[in-house]
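# what's the 3D shape of this:
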Amino acid sequence: MKKDERMKPLRQEKIREIVETHVVETQEDLAEHLRRAHIEVTQATVSRDIKELRLVKAPMGGGRSRYAFPEAGGGRPQSRLEGFFTDAVTGADSSGNLVVLRTLPGMANAVASELDTAEWPEVI
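Below is the predicted model:
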C-alpha cells in the first residue's frame, strides 16, 4: 500500500474538519490549512479529495463562495435551491427543450451540483 493511500483517510478527515470550521474559498486555501496541520499535499491531491468528498462551492454573498458539504439526505428544500440560484445564477436563455444558465464566475460547477442534488427527473 502506498503512503498516500494510508494517509488518505486521515487527510480527508482533516479536510472535513477544516471545511466545517473555516472559510475555505480555493483549493490553495485548503492546501495551506492542511500544510499548517503538517499534511503535505499537491494541488492534484486536494482536487481529488474535493471530488471524492463531494464538496460543493456554496455562495457567501458579494460574489464570493466557499467549499461546503452538500446537505445529507438527498434533495434540497426548494427555498434553499431558490436562494442558491438567486445568489449564483445571473441569467438564463432557452431554445426548445434546452436551457442555458449563466452564473457568476466560478459558480457553474456549484450550480450543476445543486441541480444534481435536487434530483429533478426532468433535468439531466
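# Buried ones in the helix ranked longest in the chain, by neighbour count?
Ordering each helix of the chain by length in residues (DSSP state H) puts helix 3-21 first. For helix 3-21, a neighbour-count test (16 or more other C-beta atoms under 10 Å) marks 11, 14-15, 18-19 as buried. To be clear about C-beta, it is placed using only N, CA and C from the backbone, and glycine gets the same treatment.
# how about the helices in the chain?
For the chain, applying DSSP H gives helices covering 3-21, 27-36, 43-53, 78-88, 108-118.
# would JSON lines of these with mean pLDDT be doable?
Formatted as JSON lines, these follow (pLDDT from 0 to 100):
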{"stretch": "helix 3-21", "mean pLDDT": "88"}
{"stretch": "helix 27-36", "mean pLDDT": "96"}
{"stretch": "helix 43-53", "mean pLDDT": "92"}
{"stretch": "helix 78-88", "mean pLDDT": "71"}
{"stretch": "helix 108-118", "mean pLDDT": "82"}
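# Distance to residue 59 added to those, as JSON lines?
JSON lines is the format used below for the helices of the chain (distance: least, C-beta to C-beta, whole Å):
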{"stretch": "helix 3-21", "distance to residue 59": "15"}
{"stretch": "helix 27-36", "distance to residue 59": "16"}
{"stretch": "helix 43-53", "distance to residue 59": "17"}
{"stretch": "helix 78-88", "distance to residue 59": "4"}
{"stretch": "helix 108-118", "distance to residue 59": "8"}
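# between those helices, which one is nearest to residue 61?
Across the helices of the chain, residue 61 has its closest neighbour in helix 78-88 (6.7 Å, C-beta to C-beta).
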